[in-house]
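S.K.: all I have is the shape, not the residue letters:
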């Protein structure tokens with residue numbers, strides 16, 4: 001069994017009708033509970049819950065401190081390459097976008113590592129465009145073996161792989177996998193992934209589970225908010241995280257909340273996810289899944305990220321670049337624009353001033 005069977009069951013629920021029927025008494029009943037079920041999670045995502053964000057926030061903060069303490073884990077992304085064979089309507093790396101592609105040499109990987117470590121970062125996410133030709137597993141593995149000399153924890157955010165390929169990278173020093181389904185709506189998924197291997201919805205959907213089976217210590221998933229109705233996307237992502245948490249008890253499961261950002265192209269979101277909606281999503285996740293990690297990237301503005309801190313966030317990127325390299329030297333095209341350009345030191349000071357402990361290292365490969 002995979003999560004796809006769970007998804008097929010849940011997608012038959014008439015979510016619009018469910019949301020329309022939820023009233024304030026339903027929300028109050030759910031907020032009085034200690035443990036929430038699937039239906040309770042839906043109640044917290046409903047329009048009726050909009051009037052209870054303050055109550056949800058207080059409970060979410062309490063649960064976060066109870067399960068994680070007042071700590072925020074800091075990380076940075078490193079783009080190794082931007083070659084991609086997929087034509088994804090929403091992405092700046094779209095194969096049809098005409099710009100000079102780039103890929104780091106192994107020597108450049110080392111230089112980028114030194115530049116990032118000098119900022120204090122010890123937790124890294126390694127990214128490539130989705131091209132097995134230009135970024136084969138062997139190239140990613142060679143890069144990882146260099147990066148393990150500088151970073152205590154390394155995750156990958158690349159094309160979906162087979163279990164044995166993930167296991168090979170785990171043996172090389174990878175301990176985390178980030179892979180976004182982008183949208184759980186199969187019809188929209190097919191529409192926005194025009195050509196390329198990424199059109200295979202099921203292969204991508206099962207990738208987090210293959211990562212768990214390969215021995216990844218942590219798995220990070222999520223939808224790209226804006227491709228479909230945010231309430232529905234958040235519901236399916238929450239179910240996916242719950243499925244993985246219950247089945248793989250030794251794996252840390254987290255969710256990210258990327259919203260569509262400006263990039264090279266003209267794609268317009270199908271659903272507007274404003275700030276109050278983002279707040280409601282975070283709170284619903286935390287109340288439904290108290291042990292869930294919740295990551296917030298520099299896609300969001302500094303002011304918003306600061307205000308979201310107490311609501312359930314456990315991990316943040318800092319001083320990020322979404323261009324290939326981008327730390328040791330400016331290498332050009334970004335996958336998307338960032339909104340929070342503060343330095344690592346500035347983010348650290350902000351956290352300390354807010355009473356949080358910034359954590360740069362919580363794991364060491366043996």
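M.R.: Looks like it came in fine. In this text, all values refer to a predicted model and were calculated from it rather than measured experimentally.

S.K.: now do the helices in the stretch 251-366 of the chain.
M.R.: Secondary structure of the stretch 251-366 of the chain (DSSP state H, counting those that start in this stretch): helices at 275-288, 302-308, 344-353.

S.K.: now do the contacts for the closest residue to residue 89 other than its chain neighbours.
M.R.: In space, and not counting its chain neighbours, residue 89 is closest to residue 192: 4.5 Å by CB to CB, 6 or more residues apart in numbering. Heads up, the C-betas are built off the backbone N, CA and C, glycines and all. Going by CB atoms under 8 Å, 6 or more residues apart in numbering, residue 192 touches 88-90, 182-183, 227.

S.K.: how close does residue 192 get to residue 9?
M.R.: For residue 192, the distance to residue 9 equals 24 Å [CB to CB, to the nearest Å].

S.K.: number of residues surrounding the residue nearest to residue 203 when sequence neighbours are not counted?
M.R.: Distance criterion CB to CB, 6+ apart; nearest residue to residue 203, sequence neighbours excluded, is residue 160 at 5.8 Å. Using other CB atoms under 10 Å, residue 160 has 20 other residues around it.

S.K.: let's verify residue 160: helix, strand, or coil?
M.R.: coil (DSSP: H, G, I helix; E, B strand; the rest coil).

S.K.: pull the longest strand from this protein.
M.R.: What stands out as the longest strand in the chain, according to DSSP state E, is strand 71-79.

S.K.: centroid residue for the chain?
M.R.: Most central in the chain under CA atoms, centre = their mean is residue 256, positioned 3.1 Å from the mean C-alpha point.

S.K.: list the contacts for it?
M.R.: Taking CB under 8 Å, 6+ apart, one finds 178, 180, 220-222, 294-297 in contact with residue 256.

S.K.: got any ranges where the stretch 1-150 of the chain has weak pLDDT?
M.R.: By pLDDT under 70, the stretch 1-150 of the chain contains no weakly predicted segment.

S.K.: let's see 80
M.R.: The stretch 1-150 of the chain contains residues with pLDDT under 80 at 1.

S.K.: ok, the contacts of residue 192 vs residue 14, which is closest?
M.R.: For the contacts of residue 192, the minimum distance to residue 14 (CB to CB) is 19.2 Å, reached by residue 183.

S.K.: do I have it right that the residue nearest to residue 203 meets residue 199?
M.R.: No. Between residue 160 and residue 199 there is no contact under CB atoms under 8 Å: 11.9 Å.
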